[in-house]
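[1] Mind looking at a prediction? Sequence and model below.
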Protein chains: 2
Amino acid sequence: MERNYHQGNGMNIDSATIEKNVTCMVEKNRLSHHDSQKKFEIRCPRGTRDYGPHDMALREHVLNVVTECFKRHGAVTIDTPVFELRDILMGKYGEEGGKLVPFARYLAMNKTVMYLKRYHIGKVYRRDNPSRGRFREFYQCDFDIAGTYDPMIPEAELLRIINEILIALDIGSFEVKVNHRLLLDGMFAVCGVPKKDFKTVCSSIDKLDKLPWEDVRNELCVEKHIQCGVVSRLETYIQHNSSLTNLDLLKWFEDDESASKNSDIQRAISEMRQLLDYCELFGVLPTVVIEPSLARGLDYYTGAIFEVTLTDSSKKIQKENGDVSEIQGLNIGSVAGGGRYDNLVSMFLPKHKVPCVGISIGIERLFTIMKEKAKMEFVRSKNTQVLVASAQKKLVKERMKICRMLWDSNIKAEMILKANPKMLDQMQYCEEHKIPLAIIVGERELEEGILKLRDVPSRTEQDIPREHLVEELNRRLKVLE
Amino acid sequence: MERNYHQGNGMNIDSATIEKNVTCMVEKNRLSHHDSQKKFEIRCPRGTRDYGPHDMALREHVLNVVTECFKRHGAVTIDTPVFELRDILMGKYGEEGGKLVPFARYLAMNKTVMYLKRYHIGKVYRRDNPSRGRFREFYQCDFDIAGTYDPMIPEAELLRIINEILIALDIGSFEVKVNHRLLLDGMFAVCGVPKKDFKTVCSSIDKLDKLPWEDVRNELCVEKHIQCGVVSRLETYIQHNSSLTNLDLLKWFEDDESASKNSDIQRAISEMRQLLDYCELFGVLPTVVIEPSLARGLDYYTGAIFEVTLTDSSKKIQKENGDVSEIQGLNIGSVAGGGRYDNLVSMFLPKHKVPCVGISIGIERLFTIMKEKAKMEFVRSKNTQVLVASAQKKLVKERMKICRMLWDSNIKAEMILKANPKMLDQMQYCEEHKIPLAIIVGERELEEGILKLRDVPSRTEQDIPREHLVEELNRRLKVLE
């Protein structure tokens, strides 16, 4: 998981690399196969893994929270192929268009679609060398708003959405860093950074959340040969942020003599002020922090730029490569990022202008964090509500009849698929899978036209007339919800 | 979509083939690129396509029905990588292990998992030449029950599940053809089919749902060099099915002198009788048809074999390649298939025995059929319940406040993301997307502390005190459900 979600080009299968790696692994297995005819390794291809029932239940929970939020905001979903033609992917757009390419290609191919609020969640593949502990198969989650709208209204809704999701996941405190491409452009112009160096300077100052200014200055002056005077001027614009409130920061730029004359900076300040206004109306202002050093290194951003980071210091997070890293204060790594990219569609189709703003959610990182959090609790992998059990032998058909009745009534029910399961095994099955209720049928119950309803946690039982069973179950299940 | 869902080896990416094809396409594009610097084709790679909001809403509906059913039966989901090591896939198991391989590999790698009722739905990729109009990227849906259970109980639950799904989709009438591997083995033994010819004879007689006996006989005798006496004997066992009921058919085998002495046939008949019994208890007997010619060509089946076909003659179906084919009576193509495969796990891990039975649902075919069906109706691609609109200019912040209130109350709400949208545009947006309710804020409403609630279809409006808005919306939305 990279911090630049809109940068990774994970969305395309690079089939050549996969093939090469798979071939290597096959070779290796064939060799050991030779050594001893019987021995050969059963495992997943390198860089991939299985997800068992508990992992999947957790993933499903996270994905449900995310998609419910998207739908609450009127988003639709579209699906694009996992691979794109190499021309489209790499031709003149560079690798970093990455994840946005399929959506921009879709809009260029569907010219009548001038407005679209959509999300896309799916597995993607990346060409990385998997040996670094990164996965080659992983989920990606993008939300984008395409269309000609008024400044900062779609941006504010994006920030509202990421707030809703992180709050619903109960994942701890977080902050949304916001910057504006025109603030970067304006600052660079005022400081004298040459246009050709935009990207490389961005990528250096973007490291300020991890490195002290001295290291960044060193990188700029020594490694990247940016004039030291330029770098010193940059410092004054970038290094004052920590102590100022958002509004004071914007005011600082307005009060600065050079900055206030730059039209890019003027527009950026005005738009960000508007964004703060809208965020207050949407109830998400407390999470927003304006951060002039946020750059994300992506030169296709044309307006607002976002990055969302968890700020809760009380958690340990297991990294994807298996290491456990303690979260200390800020910068445990971003969980979402994005921005406005108004020109990407017209790169595919000149003169076709569809402005877009989007956010990419680091869903694999959310899975990891939620898994760490879930270790404290029991996660149910199945949602069975009732086990239909029998007290004596030869009652398989009676259990089947009851199951049918429950399935017909849309109750999640199971029976052990054996002719004569032991009572103890059936009750253990309930406890193992946290199935809250059991129906027990026995010879006495059959004679009397009743069924025994057992509350599994309390082990209390009650006789229920057969014809009232569904009704009573629904009543109990409603209480349990 | 093949009729043999458990046969296709679509689950593995054959990266070499994809690479070759992509390279071809890239070459072609580069050439046309050369001709005219500006012109280059924007499209999906061959064999893939985009799915827009309406397609996706339909797919989501189908997948919801399917997963809800699986969960109602206590199934969990696991996820395995989309590609497997070539040794595992092709080594000694042959290509046709195909879709079952990842599940069997999972069970072999997780030796403590001796019981598992699971489903897996995901995109898979196939190596086919895409020019035949088949897709290289498509969904696959599998449900399997692993574990040592008593005969035919898991099989009966499988048939119940496929019944529940097809009924919930309201897809028309269908039948579940059932056969038994031991009935095939026994018939072949009685008729004198050599063991080595099992697979090839199976694949011929499996065509009897499409071809007359004469063609199949010809294929067996002439093309496959099976002795004509053997083929004639086969005919007597296979060609009497159409007129007999299930029970009469089983009785026919019991009354046949040669068949009744064969122990495989005895066991198959006894198990199928038990399956019919259980199917009656589960309420699915009317859909079950025993079909001794059903073979599905898969020699890893060890017990029951299933195939589910739609029998509704009143529908036209658009095939995946774009052709429209009229459904005439039976055999419009199968929508699910499967069977028992008790030995696949021990092929990976000798001595580790995990019996399995599973069914693979032709989910892409269900999508196609449901899409055809949906053409008669309007399919909503977004579920927005309320549009927050304004009657005059300069009310964007008021609309935002109301949206926030609705999102906070978990109501699916949208506003047009413009500062001053026209009233007419806002109402058209409701009608276009079938949004049932609109809230209209205007200067008068602000003064009076009310909001106007508009019922979009009837165009009736009502003033609601602001503090009662959420309550009133929830009341109206409940009625609309």
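    Ah, there it is. These numbers were taken from a predicted model, which means no experiment stands behind them.

[2] Buried residues of the helix or strand harbouring A:Ala259, list them for me.
    Secondary structure assignment for A:Ala259, by DSSP states H and E: helix A:257-261. Using 16 or more other CB atoms under 10 Å in any protein chain shown as the test for burial, helix A:257-261 gives A:Ser258, A:Ala259. (C-beta placed from N, C-alpha, C; glycine too.)

[3] Which neighbouring elements make contact with the helix or strand just after it?
    Scanning forward in sequence from helix A:257-261 by DSSP H and E, the next helix or strand is helix A:263-281. Helices and strands touching helix A:263-281, by 3 or more CB pairs under 8 Å, 6 or more residues apart in numbering or on different chains; DSSP states H and E, are helix A:153-168, strand A:174-180, helix A:181-191, helix A:246-255, strand A:288-290, strand A:304-310, helix B:396-408.

[4] just to revisit the earlier point, tell me how far the helix holding A:Ala259 is from the chain's mean position?
    Computed by CA atoms, centre = their mean, to the nearest Å, the separation of helix A:257-261 from the middle of its chain amounts to 39 Å.

[5] Can you list the neighbours in contact with it?
    Helix A:257-261 is contacted by residues A:Gly186, A:Met187, A:Val190, A:Tyr237, A:Phe253, A:Glu254, A:Ile265, A:Gln266 when judged by CB atoms under 8 Å, 6 or more residues apart in numbering or on different chains.

[6] Identify, from the residues you listed, the entry nearest to chain B.
    A:Gln266 (19.4 Å; CB to the nearest CB).

[7] Excluding sequence neighbours, find me the nearest residue to that closest one.
    Spatial nearest neighbour of A:Gln266, chain neighbours left out: A:Ser260 (7.3 Å); criterion: CB to CB, 6 or more residues apart in numbering or on different chains.

[8] same check, this time on A:Gly338
    The shortest distance from A:Gly338 to any non-neighbouring residue, by CB to CB, 6+ apart, is to A:Ile359 (3.5 Å).

[9] Just checking: what are the partner strands of the helix or strand where that neighbour lies?
    Element membership for A:Ile359, per DSSP H and E: strand A:356-361. Here strand A:356-361 is paired, per DSSP bridges, with strand A:137-146 (antiparallel), strand A:334-340 (antiparallel).

[10] With respect to burial, which of the ones you listed scores highest?
    strand A:334-340 (a mean of 26; mean count of other CB atoms under 10 Å in any protein chain shown).

[11] how about low-confidence regions in the stretch 51-200 of chain A?
    Within the stretch 51-200 of chain A, the ranges that satisfy pLDDT under 70 run A:86-98, A:127-134.

[12] quick one: pLDDT of A:Gly8?
    Listed pLDDT for A:Gly8 reads 34.

[13] got it, and A:Gln274?
    pLDDT, A:Gln274: 96.

[14] Thought A:Glu155 was touching it, still the case?
    No. Counting by CB atoms under 8 Å, A:Gln274 does not reach A:Glu155; the two are 9.2 Å apart.

[15] Those two: who's more crowded?
    A:Glu155 (28 against 17; other CB atoms under 10 Å in any protein chain shown).

[16] OK, contacts around that one?
    A:Leu275, A:Tyr278, A:Gly303, A:Ala304, A:Phe306, A:Arg340, A:Val357.

[17] what residues are up against the nearest residue to it once chain neighbours are set aside?
    In space, A:Glu155 comes closest to A:Ala304 once its chain neighbours are excluded; the distance is 4.8 Å by CB to CB, 6+ apart. Neighbour list for A:Ala304: A:Met152, A:Glu155, A:Val178, A:Asn179, A:His180, A:Arg181, A:Glu271, A:Met272, A:Leu275, A:Gly339, A:Arg340, A:Val357 [criterion: CB under 8 Å, 6+ apart].

[18] can you list contacts of stretch A:221-229?
    So stretch A:221-229 is in contact with A:Gly192, A:Val193, A:Asp197, A:Thr200, A:Val201, A:Ser204, A:Leu220, A:Val231, going by CB under 8 Å, 6+ apart.

[19] let's go with 10 Å and repeat that
    For stretch A:221-229, contacts defined as CB atoms under 10 Å, 6 or more residues apart in numbering or on different chains pick out A:191-194, A:197, A:200-201, A:203-204, A:217-220, A:230-234.

[20] Please pick the buried ones from those.
    Buried members of these, counted by 16+ other CB under 10 Å: A:191, A:193, A:197, A:200-201, A:203-204, A:217, A:219-220, A:230-231, A:233-234.

[21] so where's the stretch 351-481 of chain A uncertain?
    Looking at the stretch 351-481 of chain A by pLDDT under 70, you get A:376-378.

[22] all helices in it, in order from the N-terminus.
    Using DSSP state H, counting those that start in this stretch, the helices of the stretch 351-481 of chain A run over A:363-374, A:396-408, A:423-432, A:443-448, A:469-480.
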